[in-house]
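**Q** Please work out how this folds:
(one chain, ligands or ions: 1)
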Amino acid sequence: MNYPEITKPDIDKIPVRPNLDPNFPLGGEFDWASIEKEMDINHQEGLNLTHLAIDRHAASSRRDKVALYWEGKNGDRESYTFGDLSKLTSRFANALLGLGVKKGDRVFTFLERVPEIYIAIFGSLKMGAIVGPLFADFGPDPVRDRLQDSGAKVLLTSPSLRERIAPLLPELPDLKHLIIVDRAGGYPAQAGDSIYGEIMDAASPDFPGITTGAEDYSIMHYTSGTTGKPKGAVHVHHAAIQHFATGKWVLDFHEDDVYWCTADPGWVTGTSYGMFSPWTNGITQVVYEGGFRASTWYSLIERYKVTVWYTAPTAIRMLMKAGEKVVGQHDISSLRHICSVGEPLNPEAVIWGLKVFQQPIHDNWWQTETGAQLIANYAFMAVRPGSMGRPTPGITAAILDENYAELPPGKEGQLAIKPGWPSMFRTYWNNPELYQSRFQNGWYITGDNAYTDDDGYFWFVGRADDVINTAGHLVGPFEVESALMEHPAVAEAGVIGKPDPIAMEVVKAFVALKDGYEPTPELRRELMQFARRKLASATAPRDIEFIDSLPKTRSGKIMRRLLKAKELGLPLGDTSTLEEF
Ligand code: AMP
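**A** Numbering: from 1, shown residues only. Below is the predicted model of the structure:
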């Protein structure tokens, strides 16, 4: 709280949204029916995300409005109107029906960031399938775990990604159809594969009627916990009303906005705010297939005249590192509102935003499980650099002690939310017990620690568990440890987050070797490559330290807390329940 509050230079001109009067406490009760009315929802007709995000615009004056400007990593450009997307998603829905896919079946995507992901996800949702987008950077292990757990029936992928996972296909008996998106052409179809272009051409562009209701499952995103494999957090179609509302409240969408969300659809931000929120609001958005490069990013903003930009602290820190000179080489004056999510946004980054973009960067907080933004800094609000902001309408957030009792301002504790908001996850796939365990004493326990100040602003402190947040991606240490243990040289592995100035944390592994293996630099390199091939470059350890044995409790649980203390040079604390360290 050493930093002064920041207001946008033109704050007087920013309209205060209804229900967001800064003079009233935010959060608390909210009449969600008013949002349903604004979206013309009639539950008797059913409720479907694709109808709300695409088809209702295609049947309105927004029919010829561009929904998607896509730019490929090679500079290819495409654009799709709401009318185009309506037809294409109908074709995909019909193609799935043609393959025998039924409502409730799981349709997964494992594909680069190309328009077909958007078409397939909304096409699947249209016919009532549950979608599961996977990050294209994943190696075979995370793909296998997620497809096995979800029992996915269909996978949309590309020729090169198909090749990456070919060896594990025999381990996926539920997977009946591979749909191959062959953008380059010339892919020799393997037996059993369907070619995206062919099944789309053969399918009708009309899909009348709504097949789902508010509480039907829509999308699942796998998220990592401290123990076990990642869990699929499952959401429902009704979440759309909160994506719509927060798009107005937090992202400050206006009809003529051009919006760019830098997140990949493999992560929840890339769907909730890279698909559902902009398009339920009928907003034009830009999708860039390529990765980070400061000059490319600024030229995208310049070329498409991006007005609202949603990105992440690691990206902002990389832009800060790239310096101000490169900003000056581009006209980015179209930018009106900048938001950030996924990790703590350091105060320096908020202040840097004011200097180079002439406006603060607005941090907000939410998670895979919450489905939508729950705590935010609003466009019209004074930003307290380093704070996540205040709860959005309809959200009661609190800080609880270890007995789940509410704590007063200034006291650090567990960040918790009163259950019942529309975009709340409805279960963890195949794991209702774990789902139930996230609710205590009438609260949803987020797994984060935080505190509030006297004015109701929330301040992030850290994770309450061992989950690592690297560049905004949650990594479960168990997943990385399991991958390392598959190497013949590894006896045991313990994985922690090591502080990093750009990515906040990077994955570090402590490895004990089996007898007969020497801790050489070559073996260290080999283990890093081994993990990268199996997992993803973001998840694999950036550092491996050999250690004789790992600290464990008497019951055999690895004490990652001690590994972290060792890494940080902190006192090791009470070790009485431990085996020898
Ligand atoms: P995920 O479920 O992958 O979206 O990750 C959610 C987690 O990311 C949260 O539980 C936090 O630990 C972290 N996170 C998200 N947004 C913020 C933020 N604005 N400040 C600090 N941590 C955040």
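**Q** The nearest residue to residue 294 once chain neighbours are set aside: neighbour count?
**A** Distance criterion C-beta to C-beta, 6 or more residues apart in numbering; nearest residue to residue 294, sequence neighbours excluded, is residue 322 at 3.5 Å. C-beta: built from backbone N, CA, C; applies to glycine. For residue 322, the count of nearby residues is 16 (other C-beta atoms under 10 Å).
**Q** what about residue 521, how many residues close to it?
**A** Neighbour tally, residue 521, other C-beta under 10 Å: 7.
**Q** For it, give me the pLDDT.
**A** With respect to pLDDT, residue 521 scores 96.
**Q** Can you tell me what sits against the helix or strand hosting residue 242?
**A** Element membership of residue 242, judged by DSSP states H and E, is helix 240-249. Here helix 240-249 makes contact (C-beta atoms under 8 Å, 6 or more residues apart in numbering) with 17, 19-20, 32, 35-36, 38-39, 41, 47, 49, 52-53, 253, 272-273, 276-278, 280-281, 283, 371-373, 376, 378, 392-394, 421-423.
**Q** roughly how far is that helix from the heart of the chain?
**A** The chain centroid and the centroid of helix 240-249 are separated by 16 Å under C-alpha atoms, centre = their mean, to the nearest Å.
**Q** Moving C-terminal from that helix, which element do we reach first?
**A** Assigned by DSSP H and E, the successor of helix 240-249 is strand 258-261.
**Q** pLDDT averaged over that following strand - what is it?
**A** Summarised as a single mean, pLDDT over strand 258-261 is 98.
**Q** Next one, pLDDT for the closest residue to the ligand within the stretch 1-150 of the chain please.
**A** Proximity of the stretch 1-150 of the chain to the ligand (C-beta to the nearest ligand atom) peaks at residue 135, 11.2 Å away. pLDDT for residue 135: 95.
**Q** Likewise for the one 5 residues further on?
**A** According to the model's per-residue confidence, residue 140 sits at a pLDDT of 95.
**Q** so what's it up against?
**A** By C-beta under 8 Å, 6+ apart, the neighbours of residue 140 are 164, 165, 167, 168, 533, 534.
**Q** which residue packs closest to the third one, ignoring adjacent ones?
**A** Looking back up the chat, that one is residue 167. Closest residue to residue 167 apart from its sequence neighbours, by C-beta to C-beta, 6+ apart: residue 140 at 6.8 Å.
**Q** same check, this time on the fifth one
**A** Among residues not flanking residue 533 along the chain, residue 139 sits closest, at 5.6 Å (C-beta to C-beta, 6+ apart).
**Q** and stretch 12-27, which residues are buried?
**A** Buried positions in stretch 12-27, judged by neighbour count with 16 or more other C-beta atoms under 10 Å: 14, 17, 19, 20, 26, 27.
**Q** end to end, how far does that stretch reach?
**A** Stretch 12-27 has an end-to-end distance of 23 Å (C-alpha to C-alpha, to the nearest Å).
**Q** Quick check: mean pLDDT of it?
**A** When pLDDT is averaged along stretch 12-27, the result is 76.
**Q** got the buried residues for stretch 23-43?
**A** Buried residues in stretch 23-43, counted by 16+ other C-beta under 10 Å: 26, 27, 30, 32, 35, 36, 39, 41.
**Q** wait, the fourth one sits on residue 395?
**A** No - counting by C-beta atoms under 8 Å, residue 32 does not reach residue 395; the two are 11.5 Å apart.
**Q** so what's residue 430 up against?
**A** Each residue near residue 430 by C-beta under 8 Å, 6+ apart is listed here: 149, 232.
**Q** ok, now how distant is it from residue 146?
**A** Between residue 430 and residue 146 the computed distance is 12 Å (C-beta to C-beta, to the nearest Å).
**Q** Can you pull the residues that touch both of these two?
**A** Here residue 430 and residue 146 have residue 232 as joint contacts, going by C-beta under 8 Å, 6+ apart.
**Q** Pull the residues that contact stretch 34-42.
**A** 47, 52, 56, 240, 241, 242, 244, 245, 280.
**Q** Any idea how many residues pack against the last one?
**A** With neighbours defined by other C-beta under 10 Å, the count for residue 280 comes to 25.
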